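Student: I need the structure of the sequence given here:
(one chain, ligands or ions: 2)
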Amino acid sequence: MKNLVSVVALSLVAAALPAQDSAPGSALYKQQCVSCHGERLEGRSGPPLTGGDFQSRWPAAELTAKIRNTMPLDAPGKLTAAQAADLAAYIRQNNASAPAGASAAPASVAAGNLNQLMRGVMFPNSNIIFTVQSHDPAEKKKAGDSVTADGGFNWSQWGTDLYSGWEIVDYAAIALADTAPLLLTPGRRCQNGKLVPVDDPDWIRFTKELEEVGRAAYRASQTRNQEKVSDLSGDVADACAHCHQVFRDRFRRGGRGAGGGALSGAGDLRCTKN
Ligand code: HEC
Ligand code: HEC
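Tutor: Ligands and ions are numbered 1, 2, ... in the order given. As a prediction, the model looks like this:
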């Protein structure tokens, strides 16, 4: 029985290509990166660091800089240049030993993962619409208004004078409606490396809901009526929450105690339903 188990285990290991340990970055990787990127660089809450998709995005020099400037995600900027270079070498070594073109995924056409798209587009634009609940976009800006005294409607200091408060609300609504279909771009990955589930009927339905609420927010904004936009902001929040409840806010029962009662957020479960 014992023999059988180890034969099975061996073949699994062979199929999964164990990470090579000879590169100098190996120990550092185990210490600082393994928790998010996995023992075999296969990805956990962070994306996999192998595959054609990964390699095409990170040529050697850029890979070292990416690691040094932004990793580990929870404490960036602490690695020395030499450590970052060792880690990049370790990652490259493990990519070199992987069969070429082994990635089953379509080549990604997206610059960012889903989390980055959310933070770059959905988050700021919905916040502009939410701000209408507490600030009147028609309010006249005072001369000398600073970044913090602008009534909440600015991207940066120079932007404050370019468009009126109401126009900015228009553009935020349009951004939500017209970028919603980007959630259906095939090949985009979630932060944990899973492909965005663009074929899932629920995913498509929630994307449609976001697009429609963006259009409704634009129509409301065009009335130049603060009350109307405020009323709609609840629908915007709901459209975000409906998808998040199913695909983002995934929890796993903690193993502590007999009941295993504690729930903890599990980034590696995001973007799937099971
Ligand atoms: C707390 C979790 C976490 C830790 C620890 C961490 N990473 Fe990451 N890593 C991420 C996430 C999330 C991303 C995707 C977002 C991004 O690229 O900034 C990422 C992206 C990357 C990428 C780019 C991947 C791609 O497909 O674009 C590389 C390379 C990388 N990490 C290397 C490392 C190395 C080397 C370490 C150890 C020094 C490390 N990471 C530690 C979470 C982590
Ligand atoms: C069709 C599904 C869907 C819709 C609609 C959606 N999201 Fe998301 N959102 C996700 C998923 C899934 C993630 C996690 C992505 C990842 O881990 O790469 C996410 C992540 C985020 C994050 C990053 C969370 C973090 O950890 O920092 C923010 C912010 C966010 N969404 C805001 C919004 C807002 C605001 C809206 C509505 C205007 C919205 N989302 C609509 C699916 C959706």
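
Student: the strands in the chain, which residues?
Tutor: With DSSP state E as the criterion, the chain has strands at 251-253, 263-265.

Student: Compare the mean pLDDT across these and name the weakest.
Tutor: For the strands of the chain, mean pLDDT drops lowest on strand 263-265, to a mean of 68.

Student: buried stuff in stretch 225-234?
Tutor: For stretch 225-234, a neighbour-count test (16 or more other CB atoms under 10 Å) marks 226, 228, 229, 230, 232, 233 as buried. Just so you know, the C-beta spots here come from the backbone N, C-alpha and C atoms, and that holds for glycine as well.

Student: got the phi/psi numbers for the residue of the stretch 101-250 of the chain found nearest ligand 1?
Tutor: Closest to ligand 1 within the stretch 101-250 of the chain is residue 191: 4.5 Å, counting by CB to the nearest ligand atom. For residue 191, the backbone dihedrals (degrees, to the nearest 10) come out as phi -60, psi -30.

Student: got the residues of the stretch 151-274 of the chain near ligand 2?
Tutor: By CB under 6 Å from any ligand atom, the part of the stretch 151-274 of the chain that sits against ligand 2 consists of 176, 183, 190-191, 203, 206-207, 210, 236, 239-240, 243-244, 247-248, 270-271.

Student: among the residues you listed, which ones are buried?
Tutor: Here, 16+ other CB under 10 Å leaves 176, 183, 190-191, 203, 206-207, 210, 236, 239-240, 243, 247-248, 270-271 buried among these.

Student: closest to residue 76 among the residues you listed?
Tutor: Of all these, residue 76 sits closest to residue 191, with 15.2 Å by CB to CB.

Student: my read: the closest one touches residue 267, true?
Tutor: Yes: with contact defined as CB atoms under 8 Å, residue 191 counts as touching residue 267 (6.7 Å).

Student: Find residues that contact each of the two.
Tutor: Contact with both residue 191 and residue 267 is made by residues 45, 46, according to CB atoms under 8 Å, 6 or more residues apart in numbering.

Student: Close to ligand 1: what parts of the protein are there?
Tutor: Counting by CB under 6 Å from any ligand atom, the chain sits next to ligand 1 at 32-33, 35-37, 45-47, 49, 54, 57-58, 63, 66-67, 70-74, 87, 113, 191.

Student: Mind giving me the ChimeraX select for those, buried ones only?
Tutor: Of the residues of the chain next to ligand 1, the buried ones go into a single ChimeraX selection, burial set by 16+ other CB under 10 Å:
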select :32,33,36,37,45,46,47,49,54,58,63,67,71,72,87,113,191
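
Student: out of the residues of the chain next to ligand 1, which are inside helices?
Tutor: Secondary structure from DSSP state H places 32, 35, 36, 37, 54, 57, 63, 66, 67, 70, 87 of the residues of the chain next to ligand 1 in helices.

Student: Can you lay out these as TSV showing pLDDT and distance to ligand 2?
Tutor: Shown next, in TSV, are those (pLDDT from 0 to 100; distance: CB to the nearest ligand atom, whole Å):
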residue	pLDDT	distance to ligand 2
32	96	21
35	94	16
36	94	12
37	95	15
54	87	16
57	82	16
63	96	21
66	95	17
67	97	20
70	95	15
87	96	23
